[in-house]
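[1] only geometry, no sequence info:
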Ligand SMILES: Cc1cc2nc3c(=O)[nH]c(=O)nc-3n(C[C@H](O)[C@H](O)[C@H](O)COP(=O)(O)O)c2cc1C
Ligand code: FES
C-alpha cells in the first residue's frame, strides 16, 4: 500500500496551525460552505454512506446515530466530547491544541445536519491549553461569520460554548458528561433512553467525540465514496493511533483503519526500545483486553480486533516489553478504575475494590492459592453487569492478564506459599 | 477569608447552576482548596442546596476540602507512564519530601499526588509541577526540580532580602503549556 498522506493531522505541523488564518489558507471552512448548500438530510445521508464510526471508544456509526433524533423535536443539542481520559489516549488533545478549527468545522456541519442551534463543548479540566484554544477558535469563528446568526447567509444559526470538567474519568461517558454539563455530579444515566432521545435538560442530544467530528469536513468535501474507499469492510476512514510505552518513537500516527498493529509498532513507532521483545500490547486504551506478541499481525479495525478477542477502543496502543511486570500492570490499572468508579452501582464499586485487594496481595507476594480463581469470579460478577461500561472495562485488563500471563501471577502466589 | 473574591468569581460566570464547576475551580485555584464559607456562599448565590455543592466538591478530583501545598506536584501513574517508571518517580519524591502521595508537607510548601493518565503519553513518564509539564523525566531530575523550588528564591547574598510588599504575582502558575505530542514527520 502506498504511504498514507495524513488527512486529520495534515495541519498540525504547520506553524500557528491553531490560528483561523492558517486553517483558512489551507482550505478551511470550504466543507462548511458546501454542507450549507446541501439539505441537512443530504448531509446526514453522506455521513451515513461514508461508514464513519465513533472514535470515542464505542465505534457506533455516526450517521446512524444522527438518524435516531426525533425529527419533530423543537430543540436539539450537540455535545462535543473533549474529555479524553482513557489511559494511553492522547489524540484528542493534539487536535484540540493544534487544529481546533478542524473540529469546529465538523461541529458546525454536524449541528446543521441534525438541526441543533446550540452546541456544548465539554473539555477535560486539565487541558488548560485546549480550553484556551477552543475558546479562541470559537471567538474567531464568530468573527468570520461561521457561528452565530445566519451563518454564511444560509439562515442557519448556531451558538457554541465551552465547559470545563474538573477531574473525573467517568465524565467522558456520554450520559455522565450530560449530568456534569447540567451542573451535577458526573453519574451516568440509565440507557435507554439514549441521549439522542432524552439528553441535556431532557432534550434530544447527539454526543460526539472530537476525532469523529474532525472527520466530517473531509467526508463532505471529498465525498462519502472517497471516505468509504479507505479502511476495511466495517471500519472506514483514517484513524489516529496513539502509540506509547516501550517503543522508540511514541506519538500520534494517522493511518487508515485496518493497518496491521505490527506495522504501526515497527514501522511508525520505531519498534521496541533497546531491541527488546514485546510481551503485551493494549490495542485500544486500558479498557480493551491485552494482546500477546503473537497476535500483533492483527489489522487495527473494529471487526478484526473483536475477532482477536479485544477491541479498537480509542486506538491507544500501549506497548509493553519483556521486562514488564504484568501483575503490577493489572494492579495499577485496577487501582485507576477503582478510583474513578462513580460509586453508583455495587458490582463496580465493591467488586472493583475486592479485585484490587486481591491484586495488591498478589503483587506483594501475599496472594493465597485460591486468589486467581477469586479474581476471575469477581471479574465475571462485574463484567457486563454494571450500570455503565466503566465496570466492564475494569475487568478486561484483569481477565486478559490472567488468561495470557497466568504463570506470572502463579509465580507470585508460589513465593507466598514458600514463606 | 476573602469572601469578596468569591462573590467576584460567582459574578464573572453568572448565577447559574450550570456554572458551578468553573466557579468551584476558580475558588480552588484562588485559595488552594474549597473553604467551607466559600461553598456556603456558592450554594446561596446559585440557589442550590449546600449538599449539592458539597457533592460536587467531593466528586471531582480537582477539588480539595483542605489546603494543598504552595507547589503542587502531580506524577502520572497512567499505564504508559507506569510501564516507564512513573511509580518509581512518585516513590522517590515521597522520600525526598517525607510525605505520602496525596498529602501536603508540614510547612505547606509541597503537595504530591499520583494522577491518572494526563493524555500526554508520548512524553511518558511525565510529571506536572505547578501546571508545568516535565516529560520523559527521570526520578533524579524530578528531585532536582523539587530542590530548586524548595531553595529560597533570593540570591545567596548576605544582605537580607527586602520583604515583599504584597503577595508576589509570580505565585500564579504559567498555564496552558503545549503538551500535545506532535507526530514526527
Ligand atoms: C467510562 C467511559 C469513559 C469514556 N470517556 C470518553 C472520552 O473521554 N472521550 C470520548 O470521546 N468518549 C468517551 N467515552 C465514550 C462516550 O460515552 C461516547 O460513546 C462517545 O463520546 C460518543 O462519541 P463518538 O460516537 O463520536 O465516539 C467513554 C465511555 C465510557 C464508558
Ligand atoms: S499515561 Fe501518563 S500521560 Fe498517559
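    That came through fine. Here the structure is a predicted model, which is why all the values come from computation and not from measurement. Residues are numbered from 1 along each chain as shown, chains lettered A, B, ... in the order given. Ligands and ions are numbered 1, 2, ... in the order given.
[2] could you list the low-confidence segments of the chain?
    Since no chain was named, I'll use chain A. Along chain A, the parts satisfying pLDDT under 70 run over A:1, A:414-419.
[3] um, chain B though
    Along chain B, segments meeting pLDDT under 70 span B:153-185.
[4] ligand 2 contacts on chain B?
    Contact residues (C-beta under 6 Å from any ligand atom) of chain B with ligand 2: B:76, B:78, B:79, B:80, B:81, B:117, B:118, B:119, B:120, B:121, B:124, B:126. In this view, the C-beta of every residue, glycine as well, is placed from N, C-alpha and C.
[5] among these, which are within reach of ligand 1?
    Okay, of the residues of chain B next to ligand 2, nothing touches ligand 1 (C-beta under 6 Å from any ligand atom).
[6] mind checking which of those residues are in helices?
    B:79, B:80, B:81 (DSSP state H).
[7] any chance of the residues you listed in CSV with distance to chain A and neighbour count as columns?
    Shown next, in CSV, are these (distance: C-beta to the nearest C-beta, whole Å; neighbours: other C-beta atoms under 10 Å in any protein chain shown):
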residue, distance to chain A, neighbour count
B:79, 5, 29
B:80, 4, 34
B:81, 9, 33
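[8] OK, contacts around residue 85?
    Just so you know, I chose chain A. A:124, A:169, A:171, A:172, B:116, B:117, B:119 (C-beta atoms under 8 Å, 6 or more residues apart in numbering or on different chains).
[9] chain B, not that one
    For residue B:85, the contacting residues are B:125, B:139, by C-beta under 8 Å, 6+ apart.
[10] for residue A:330, see how far away it is.
    Counting by C-beta to C-beta, to the nearest Å, the separation of residue B:85 from residue A:330 is 17 Å.
[11] residue A:187 now?
    Going from residue A:187 to residue A:330 by C-beta to C-beta gives 27 Å.
[12] quick one, which of those two is more surrounded?
    When neighbours are counted by other C-beta atoms under 10 Å in any protein chain shown, residue A:187 and residue A:330 differ, and residue A:330 comes out ahead with 26 against 21.
[13] nearest residue to that one in space, please, no chain neighbours.
    Counting by C-beta to C-beta, 6 or more residues apart in numbering or on different chains, residue A:401 is the residue found nearest to residue A:330 once chain neighbours are left out, at 4.2 Å.
[14] now the residue in the stretch 301-419 of chain A that ligand 2 sits nearest to, what's its secondary structure?
    Among the residues of the stretch 301-419 of chain A, residue A:318 lies nearest to ligand 2; the distance is 8.2 Å by C-beta to the nearest ligand atom. Put simply, residue A:318 is strand when judged by DSSP: H, G, I helix; E, B strand; the rest coil.
[15] gap between it and residue B:81?
    When distance is defined by C-beta to C-beta, residue A:318 is 10 Å away from residue B:81.
[16] hey, what's in contact with both of those two?
    Common contact partners of residue A:318 and residue B:81 (C-beta under 8 Å, 6+ apart): residue B:121.
[17] domain parsing for the chain?
    Picked chain A for this. Under the assignment automatic domain parsing, the domains of chain A span A:20-228, A:238-321, A:326-418.
[18] actually chain B
    For chain B, automatic domain parsing gives the domain ranges B:3-59, B:71-150.
[19] for the ones you listed, could you give me CSV that also reports distance to residue A:119?
    Shown next, in CSV, are these (distance: least, C-beta to C-beta, whole Å):
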stretch, distance to residue A:119
domain B:3-59, 15
domain B:71-150, 22
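[20] go through those domains and pick out the most buried.
    Of the domains of chain B, the one with the most neighbours on average (mean count of other C-beta atoms under 10 Å in any protein chain shown) is domain B:71-150, at a mean of 20.
[21] endpoints of it, how far apart?
    Using C-alpha to C-alpha, to the nearest Å, the end-to-end distance of domain B:71-150 comes to 9 Å.
[22] distance from it to the middle of the chain?
    Centroid separation between domain B:71-150 and its chain, computed with C-alpha atoms, centre = their mean, to the nearest Å, is 12 Å.
[23] what are the ranges of the helices in chain B?
    B:3-13, B:20-31, B:36-46, B:50-59, B:79-83, B:86-97, B:139-150.
[24] typed the wrong thing, it's the stretch 301-419 of chain A
    Listed in chain order, the helices of the stretch 301-419 of chain A (DSSP state H, counting those that start in this stretch) span A:302-307, A:326-340, A:346, A:352-363, A:371-382, A:389-404, A:406-418.
[25] so which of those is nearest ligand 1?
    Of all those, helix A:389-404 sits nearest to ligand 1, with 3.8 Å by C-beta to the nearest ligand atom.
[26] grab the nearest non-local neighbour of residue A:101.
    Closest residue to residue A:101 apart from its sequence neighbours, by C-beta to C-beta, 6+ apart: residue A:23 at 4.0 Å.
[27] with residue B:19 instead?
    Leaving aside its sequence neighbours, residue B:19 sits nearest to residue B:13 (C-beta to C-beta, 6+ apart; 3.9 Å).
[28] distance check, residue A:256 against residue A:98.
    Here residue A:256 is placed at a distance of 21 Å from residue A:98 (C-beta to C-beta).
[29] one more: residue A:294?
    Per C-beta to C-beta, residue A:294 is found 36 Å from residue A:98.
[30] I figured the residue nearest to residue A:101 hits residue A:102, correct?
    Yes: Residue A:23 is within contact range of residue A:102, at 7.1 Å (criterion: C-beta atoms under 8 Å).
[31] the two: which is more packed in?
    Shown here are residue A:23 and residue A:102; by other C-beta under 10 Å, residue A:102 has more neighbours (30 against 24).
[32] nearest the geometric middle of chain B, what residue?
    Central residue of chain B (C-alpha atoms, centre = their mean): residue B:72, 4.4 Å from the mean position.
[33] that one bridge partners, please.
    Beta bridges link residue B:72 to residue B:111, judged by DSSP bridges.
[34] just checking, it touches residue B:127?
    No: between residue B:72 and residue B:127 there is no contact under C-beta under 8 Å: 10.7 Å.
[35] who's in contact with residue A:405?
    Counting by C-beta under 8 Å, 6+ apart, residue A:405 touches A:279, A:280, A:326.
[36] isn't the second one up against residue A:288?
    No: here residue A:280 lies out of contact with residue A:288, judged by C-beta under 8 Å, at a distance of 11.9 Å.
[37] for residue B:84, give its distance to chain A.
    Distance, residue B:84 to chain A, using C-beta to the nearest C-beta, to the nearest Å: 7 Å.
[38] picking that back up, quick one: which of the domains of chain A is nearest ligand 1?
    The closest of those to ligand 1 is domain A:20-228. By C-beta to the nearest ligand atom, the value is 2.2 Å.
[39] my guess is residue A:290 meets residue A:284, correct?
    No: using C-beta under 8 Å, residue A:290 is not in contact with residue A:284, being 10.4 Å away.
[40] which neighbours do these two have in common?
    Both residue A:290 and residue A:284 are in contact with residue A:310, where contact means C-beta under 8 Å, 6+ apart.
[41] tell me how many other residues crowd residue A:72.
    Residue A:72 has 5 neighbouring residues, counting by other C-beta under 10 Å.
[42] and it, what element?
    In this structure, residue A:72 sits in neither a helix nor a strand according to DSSP states H and E.
[43] and it, how far from ligand 2?
    As judged by C-beta to the nearest ligand atom, to the nearest Å, residue A:72 and ligand 2 stand 44 Å apart.
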